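Asks: Please work out how this folds:
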Amino acid sequence: MIIDWRRSFAESCSMGVATPTVYRTGSLFGPHTGPGRHAAANLQSPSTQTLTTAVLVHTGAMGPSETLRTPSSPGERVAAAVRRLRHDPGTADLRRFEPLVADVVEGAAAWRAHTDGELSEAARARAGLDPDDDDALSRYLAVASEVSRRRIGLAPYPEQLLAAVSMLRGRVADMATGEGKTLVGFLVAAGFALAGRRVHVLTANEYLAGRDAAAGAGFYEMFGLSVTAVAEHMTDIERRRTYGSDVVYATVHQVGFDVLRDRRRTVEAQRLLPPLDMVVIDEIDAVLVDDAVVPLVIAGSGADTAAEIPVAGAVALLTEGVDYEVDAGGAGATLTDTGIRFLEDRLGVDNLYAEESIDLVTAAYVALHAQALVHRDVDYVVTGGRVRLIDDACGRIAQRQRWPDGLHAAIERKEGVAVTAQAEVLDQILVETVVRGYRGITGMSGSALEAADRLAEDLDLHTGVIGTHHPSIRIDEPDLLYASAEQRDTAAAARVRAAHDAGQPVLVGTGSVADSERFAALLAGHGVHAAVLNAKNDADEADTIARAGHKGAVTVSTQMAGRGVDIRLGPGAADTGGLLVLGLGRYVSPRLDRQLQGRAGRQGDPGRTVFYTSLADPVVTENVAPVRRPRSVDDDGLVSDRRSHRLYAHAQRVAEGALLQLHRTTRRFHTVTDNQRLSILHTRERLLTEPGALDDHLAGVWPDDPDAARKWTAPSRRGLAAEVVLYQLDRVWTRHMNRMVDIREGIHLRQLGRQDPLEEFTILAAQDFRGLAEEAAAATRAALENADRADATIEDLGLRRPSATWTYLVAPDSSESDADRAVAYFASARRALFGR
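Replies: Alright, predicted model coming up:
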């Protein structure tokens, strides 16, 4: 019979709407069974020592008398104890590891008297490490500490050792900026690799992956471990070799794209990735919170739908305030009656909301979203004749990322640039689903604490906070709130000018490319030249950041300077008070605020932070409306009444909550198709890896004609039969996936009939999915019966896979919330017209 990948999905649907599954015990390709040691060349660099010194935080030598820092005041200790008793996220008690860390410090000191040969022998003897064995872990970290000191010139502090112990025991470490997370990553990755795990270290971008792999090469070599980094330009052969290393540095996007490629392989030898085993994630909250529901897509060539081009032209003629209205926060737009009639006339339809016009309604709101709500130099930039998205979480250009095809094409038409080819989605996977495919997950971040509840809820990951090695002397001033953005900017510019005149380096954090350029121009009017760092000039990031801590330097940046950047103070800068970080408005998440603040006061340096905010900031206007005039406003616009300050804090919580809801909604929709995809992947894996699976499958293709099935199981015909079966499975999935994409775009309109969009989507997905098995079987029968000779190829049967495929990311589409607003408008209009 046909391998039944329908039943597992039907069973999941029978229990109601599917919920996310945490794949903690096996990957998408089955459990890991092999050792974590592989024969592959180490990634070496002649300048490793120089590079390492530039990359890692120099923490100095570790003395045996050093102890771990604990909460300094009785009040802090009591508060920490109460949070632990409540089992609050982020309160994992790490104190029980302190004796182990003390043993490591003592053991590392003893290894200093040994020769390199003795140390190397001891390092290689650590193979078979059990991270849950205190004695074994202590011995490993003692040796690793001395290896690190000799090979890369850095000896880990007790705080770094505590983070390593915590992560090797499966926890997430919250470590402040500048505390040496890269070195901790070396300790953790090597420890897991010695334990026989296949380790991937996921970094923020490809540059960091290559940099860190090169920086740690000498360290890993001492333990007999190979290390490599995945680069986008690699061939399939190079990728297979790279993934064969004991420790692999990569981005989650590269791993995800290779997962997608493996899902479409036609012979087992084409597999790029071994089973996903252990992952160590740098900036874990960025991956599992900010980017969690970003879909990674593999696509082939497609075509514009017939509706898109005429609708886009008609919507471009609409006038704000007449044909459509933008809500007070600028977060949604709805057509007016005048606009509806205009579109009906232009498109030649009697009723835009009739069931047969559903594609036109969807396309119209996509085009309206692009015209009214997506802004140049805020959401995207136009460079080299291309629309390039800006990553909200870091302010950089989002490489290889685009909005869902209809929206992206609408923006390209709006900007008058060439419209990129529409893609047929062949397969997709969420970033979060990629990570869930690993057997074990750990990570670290400078803002993991704020994401602790999400990590605990979504992935059952517990977070522990690591104290700083040196007491922080950074001063975080209270926010200054102004009535208007103009008053805020005027006051902020005066503050920057005063700091600059005193020689104090200043970093200004802004919310968008447009804001960074506008504020830099304002500073120029005050006689202050500022270096600007944003998505338009991200190639200059390293040089700009290298100078940002120099005496008298002023840098205006987007969130680019808020994550993964270490600003060191130049000569004399500490005497001026250290780096002043000034935020122009708060971000939608306190985590991003903390990342920006973390640029100042690293490793016990002096520093100061302050946020200049206004009641006109997007975080307020887009989430709280209407905003009442504050009770107490000074002549310069400074707001002092507490109600307004509470309102601002409330708006930020609302913004973060809305983002969380968008993530949850996206995850729920994708979970439906993810479960279906896993069923088909199970069939594919059996066909590729189990000798008898093809025979079983073909018996189901010809249930009434066993002789026809047996004909295609003969050795000379099996290859073609397997190719055809896999091709038809992939084609029915592609068609199903694209039908689901189309349904998803308009599913919110189901609220007009008082239906739940997710429930309706689940029903429609199940109905469509049920017929795929027979559809694939019928197509397989027809194709093989047309094969008139034994040596025929799949091309001879007229079956051709896409001549070219490409991968990209799809930006989360906030237009779904706009669709909700549109539905509310439609519903009210219908009630007005028909009284129901």
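
Asks: State the mean pLDDT of the longest helix anywhere in the chain.
Replies: In the chain, assigned by DSSP state H, the helix with the most residues is helix 642-689. Here helix 642-689 scores 92 as its mean pLDDT.

Asks: Now the element after that helix, going C-ward?
Replies: Later in the chain than helix 642-689, the nearest helix or strand by DSSP states H and E is helix 693-701.

Asks: mind listing what's buried in that following helix?
Replies: Going by neighbour count (16 or more other C-beta atoms under 10 Å), the buried part of helix 693-701 is 693-694, 696-701. To be clear about C-beta, it is placed using only N, CA and C from the backbone, and glycine gets the same treatment.

Asks: The residue nearest to the spatial centre of the chain and residue 666, how far apart?
Replies: With distances taken as C-alpha atoms, centre = their mean, the residue of the chain nearest its centroid is residue 291 (2.4 Å). Distance, residue 291 to residue 666, by C-beta to C-beta, to the nearest Å: 12 Å.

Asks: Please, where are all the strands along the stretch 201-350 of the chain?
Replies: 227-229, 247-250, 278-282, 295-301, 324-326, 333-335 (DSSP state E, counting those that start in this stretch).

Asks: Please identify the deepest-packed of these.
Replies: Most buried of the strands of the stretch 201-350 of the chain, by mean neighbour count (mean count of other C-beta atoms under 10 Å): strand 247-250, with a mean of 30.

Asks: same for it, what does it pack against?
Replies: helix 181-194, strand 199-202, helix 206-215, strand 227-229 (3 or more C-beta pairs under 8 Å, 6 or more residues apart in numbering; DSSP states H and E).

Asks: can you list those in TSV and add distance to residue 579 and mean pLDDT?
Replies: Converted to TSV, the helices and strands packed on strand 247-250 look like this (distance: least, C-beta to C-beta, whole Å; pLDDT from 0 to 100):
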stretch	distance to residue 579	mean pLDDT
helix 181-194	19	97
strand 199-202	29	98
helix 206-215	22	91
strand 227-229	31	98
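
Asks: Between these, which one is closest to residue 581.
Replies: Proximity to residue 581 (C-beta to C-beta) singles out helix 181-194 among the helices and strands packed on strand 247-250, at 19.6 Å.

Asks: Check which residues of the one helix or strand residue 716 maps to are buried.
Replies: Secondary structure assigned from DSSP H and E places residue 716 in helix 715-746. Residues 717, 720-734, 736-737, 740-741, 743-746 are the ones in helix 715-746 that count as buried (16+ other C-beta under 10 Å).

Asks: same thing with stretch 126-146?
Replies: Neighbour counts over stretch 126-146 (16+ other C-beta under 10 Å) mark 126-127, 129, 131, 136-146 as buried.

Asks: Can you give the contact residues for it?
Replies: For stretch 126-146, contacts defined as C-beta atoms under 8 Å, 6 or more residues apart in numbering pick out 37, 62, 100, 103-108, 110-112, 114, 119, 122-123, 155-156, 161, 164-165, 168-169, 186-187, 190-192, 194-196, 219, 223-224.

Asks: Return the distance of the most far-flung residue of the chain relative to its centre relative to residue 806.
Replies: Distance to the chain centre peaks in the chain at residue 707, reaching 51.2 Å (criterion: C-alpha atoms, centre = their mean). Going from residue 707 to residue 806 by C-beta to C-beta gives 43 Å.

Asks: Also residue 627?
Replies: 45 Å.

Asks: Comparing these two, which residue is more hemmed in?
Replies: Neighbour count, other C-beta atoms under 10 Å: between residue 627 and residue 806, residue 627 has more, with 17 against 14.

Asks: How about the more buried one, nearest residue that isn't a chain neighbour?
Replies: Leaving aside its sequence neighbours, residue 627 sits nearest to residue 615 (C-beta to C-beta, 6 or more residues apart in numbering; 5.3 Å).

Asks: Also residue 349?
Replies: Closest residue in space to residue 349, ignoring its immediate chain neighbours: residue 357 at 5.4 Å, by C-beta to C-beta, 6+ apart.

Asks: So that neighbour is in contact with residue 348, correct?
Replies: No: here residue 357 does not reach residue 348: they are 10.6 Å apart, not a contact under C-beta atoms under 8 Å.

Asks: between these two, who's got more neighbours?
Replies: Of the pair residue 357 and residue 348, residue 357 is the one with more neighbours under other C-beta under 10 Å, namely 18 against 7.

Asks: Assign that one to helix, strand or coil.
Replies: Secondary structure, DSSP: H, G, I helix; E, B strand; the rest coil: residue 357 is helix.

Asks: Quick one: mean pLDDT for stretch 738-748?
Replies: The average pLDDT within stretch 738-748 is 82.

Asks: Report the residue spans of the stretch 251-400 of the chain with pLDDT below the cut-off.
Replies: Applying pLDDT under 70 to the stretch 251-400 of the chain picks out residues 301-309, 328-331, 391-400.

Asks: all helices of it, in order?
Replies: Secondary structure of the stretch 251-400 of the chain (DSSP state H, counting those that start in this stretch): helices at 252-263, 284-285, 308-315, 337-347, 358-372.

Asks: just the stretch 51-200 of the chain next, same as before
Replies: Using DSSP H, counting those that start in this stretch, the helices of the stretch 51-200 of the chain run over residues 74-85, 98-111, 116-124, 134-152, 158-168, 181-194.

Asks: Out of those, the one nearest residue 482 is which?
Replies: Across the helices of the stretch 51-200 of the chain, the minimum distance to residue 482, taken as C-beta to C-beta, is reached by helix 74-85, at 32.4 Å.

Asks: Can you give me the distance of the closest residue in space to residue 471 that isn't next to it in sequence to residue 278?
Replies: Distance criterion C-beta to C-beta, 6+ apart; nearest residue to residue 471, sequence neighbours excluded, is residue 604 at 6.4 Å. Here the criterion is C-beta to C-beta. By it, residue 604 lies 33 Å from residue 278.

Asks: same thing with residue 496?
Replies: For residue 496, the distance to residue 278 equals 46 Å [C-beta to C-beta].

Asks: ditto for residue 103
Replies: Plainly put, residue 103 is 25 Å away from residue 278 if you go by C-beta to C-beta.

Asks: likewise residue 528?
Replies: According to C-beta to C-beta, residue 528 and residue 278 sit 49 Å apart.

Asks: ditto for residue 211
Replies: Noted for residue 211: a distance of 21 Å to residue 278, by C-beta to C-beta.

Asks: What of residue 189?
Replies: From residue 189 over to residue 278 (counting by C-beta to C-beta), the distance is 9 Å.

Asks: Quick check: neighbours shared by those two?
Replies: Jointly contacting residue 189 and residue 278 under the rule C-beta under 8 Å, 6+ apart are residue 199.

Asks: Just tell me which of the helices of the stretch 51-200 of the chain ends up closest to residue 389.
Replies: helix 181-194 (27.2 Å).

Asks: which parts of that closest one are buried?
Replies: The neighbour-count check on helix 181-194 (16+ other C-beta under 10 Å) flags 181-194 as buried.
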